[in-house]
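# One predicted model, sequence on top.
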Amino acid sequence: MNTLSPLCCILLALLISSTLAPSQSPAVDLALRSLARARGINIGAAVAARPLLNDSLYAQTLAREFGMLTPENAMKFGPIHPARDRYDFRDADAIVEFAVANGMRIRGHTLVWHNQQPRWLTEEDFSRDELLAILREHITTVAGRYRGKVTAWDVVNEAIGDNGSLRDTIWLRRLGPEYLDLVFRWAHEADPEAQLFYNDYGGEGLGRKSDAIYTMVRGLSSRGVPIHGVGLQMHVSLDSFPNPQDVAANISRLAALGLHVHITEMDVRIRQPITEEKLAAQARIYQEIVRVCLSSPNCTAFVMWGFTDRYSWVPSFFPGFGGALILDESYGPKPAYSALAELLRGR
Ligand code: G3I
């Protein structure tokens, strides 16, 4: 596979997307990003550095169809801070440069999580004060580096367990529940302009976990902690997805707290074999969730966890499942793509 330098890749994407008039785009007349902006929301996708730098069709499609991106892994603690005294910004910088070059907004993901942590962080028995200093320095360094470029940060990811209580993580065990207030304050100090989000899965509709998230963010807000939104990940399947009315009700109660909502990681996995009927059902689910976002004034972004089935986390994490995204492995539009385009056109 040809390997382009980051700059060449960015210039190539710019050249192709500028010369390839929408009417010539292989997908449809107008790209999703144009249609979405006209309806007042950002549409985006998670992005992996390797295909961005090595697969020109990936870069071209991303630049044409999406006005927002989230680095899938590049900004997580482990990849970006591999040693206590060393950061590795190469992949994150390449993704940010691509977004800036193509006029795309950036969701930063994620400053505080219990997964993808580097071994130096989890293997040493740091004191509470040491861990506070490490975490504050990490947030200040990473959010500070992308100050003015990242529009919204997933400051904390998945801090609530599936049972609705605070997840038992290194952060909770060593720092206590006050870590939540601290990390949002540190992120705001590092980038006062960025919107700061709490991001999670399994709390998109109504229920125990959704209520726990609501209670937690209401507490943060009431204490004057700088939190601006909640990310609803929306990793679903044909057999398991939230009732759209419940999602609308959840978004509405978060609006009453003054919070934005982003759909942050949507994908709709399909159990193999993939059939036309399953693809049609997938299209309906995508369309229903975007319809809810469009009808909710505080829902300002709809981001999928990738955009082509050629690169998706789903097959390796859910054996027997695939086809979760809106473009097929050859970047062709699936029924879900057409359904979103039709909805965004207002039809
Ligand atoms: O980069 C290394 C590579 O050097 C190594 O050779 C390879 C094999 O060990 O691993 C590679 O790292 C993998 C990384 O993805 C990049 O591909 C990790 O093992 C793998 O665990 C990691 O998976 C990511 C997963 O989060 C980690 O929990 C997925 O790509 C990513 O899509 C997924 O994204 C999360 C969101 O951040 C939060 N919400 C849930 C979502 C799905 O789990």
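Received, thanks. Residues are numbered from 1 along each chain as shown.
# all strands in the chain, in order from the N-terminus.
For the chain, the strands defined by DSSP state E occupy 42-47, 68-71, 105-112, 150-157, 195-200, 229-232, 235-237, 260-271, 299-304, 321-322.
# For the ones you listed, give me a markdown table that also has distance to the ligand.
Bear in mind the C-beta positions are built from the backbone N, C-alpha and C, glycine included. Shown next, in a markdown table, are these (distance: least, C-beta to the nearest ligand atom, whole Å):
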| stretch | distance to the ligand |
| --- | --- |
| strand 42-47 | 7 |
| strand 68-71 | 9 |
| strand 105-112 | 6 |
| strand 150-157 | 6 |
| strand 195-200 | 7 |
| strand 229-232 | 9 |
| strand 235-237 | 6 |
| strand 260-271 | 5 |
| strand 299-304 | 11 |
| strand 321-322 | 13 |
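# any chance of these in JSON lines, with mean pLDDT, distance to residue 175 and mean neighbour count too?
Output for these, formatted as JSON lines (pLDDT from 0 to 100; distance: least, C-beta to C-beta, whole Å; neighbours: other C-beta atoms under 10 Å):
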{"stretch": "strand 42-47", "mean pLDDT": "98", "distance to residue 175": "28", "mean neighbour count": "26"}
{"stretch": "strand 68-71", "mean pLDDT": "98", "distance to residue 175": "25", "mean neighbour count": "27"}
{"stretch": "strand 105-112", "mean pLDDT": "98", "distance to residue 175": "10", "mean neighbour count": "25"}
{"stretch": "strand 150-157", "mean pLDDT": "98", "distance to residue 175": "12", "mean neighbour count": "26"}
{"stretch": "strand 195-200", "mean pLDDT": "99", "distance to residue 175": "16", "mean neighbour count": "25"}
{"stretch": "strand 229-232", "mean pLDDT": "99", "distance to residue 175": "22", "mean neighbour count": "28"}
{"stretch": "strand 235-237", "mean pLDDT": "98", "distance to residue 175": "27", "mean neighbour count": "20"}
{"stretch": "strand 260-271", "mean pLDDT": "98", "distance to residue 175": "25", "mean neighbour count": "25"}
{"stretch": "strand 299-304", "mean pLDDT": "98", "distance to residue 175": "29", "mean neighbour count": "25"}
{"stretch": "strand 321-322", "mean pLDDT": "98", "distance to residue 175": "36", "mean neighbour count": "18"}
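# and those strands as TSV, adding distance to residue 212?
Converted to TSV, the strands of the chain look like this (distance: least, C-beta to C-beta, whole Å):
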stretch	distance to residue 212
strand 42-47	25
strand 68-71	24
strand 105-112	17
strand 150-157	13
strand 195-200	9
strand 229-232	12
strand 235-237	18
strand 260-271	16
strand 299-304	21
strand 321-322	27
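# near the ligand, which residues of the stretch 101-250 of the chain?
Within the stretch 101-250 of the chain, the positions lying close to the ligand (C-beta under 6 Å from any ligand atom) are 115-116, 157, 233.
# residues contacting the closest residue to residue 33 other than its chain neighbours?
Counting by C-beta to C-beta, 6 or more residues apart in numbering, residue 67 is the residue found nearest to residue 33 once chain neighbours are left out, at 3.9 Å. By C-beta atoms under 8 Å, 6 or more residues apart in numbering, the contact set of residue 67 is 33, 36-37, 42-44, 103-105.
# What is the least confident helix or strand in this structure?
In the chain, the helix or strand scored least confidently by mean pLDDT, DSSP states H and E is helix 6-19, which has a mean of 49.
# which stretches of the chain have low pLDDT?
Applying pLDDT under 70 to the chain flags residues 1-29.
# Now it against the ligand: closest residue?
Nearest to the ligand, among the residues of the chain, is residue 313, at 3.5 Å (C-beta to the nearest ligand atom).
# Just want the most central residue of the chain.
The centre of the chain sits closest to residue 264, judged by C-alpha atoms, centre = their mean, with a distance of 4.0 Å.
# Quick check: closest non-adjacent residue to it.
Nearest non-adjacent residue to residue 264, counting by C-beta to C-beta, 6+ apart: residue 231, 3.7 Å away.
# who touches the one you found in this structure?
Residues near residue 231 by C-beta under 8 Å, 6+ apart: 154, 197-200, 261-265.
# Apply 6 Å and report the result again.
Counting by C-beta atoms under 6 Å, 6 or more residues apart in numbering, residue 231 makes contact with 154, 197, 199, 262, 264.
# next one: phi and psi at residue 40?
Taking degrees, to the nearest 10, you get phi 90, psi 10 for the backbone angles of residue 40.
# Report how many residues lie close to it.
Number of residues near residue 40 (other C-beta atoms under 10 Å) recorded here: 10.
# now, which of the contacts of residue 231 sits nearest residue 177?
Relative to residue 177, the closest of the contacts of residue 231 is residue 199; by C-beta to C-beta it sits at 17.8 Å.
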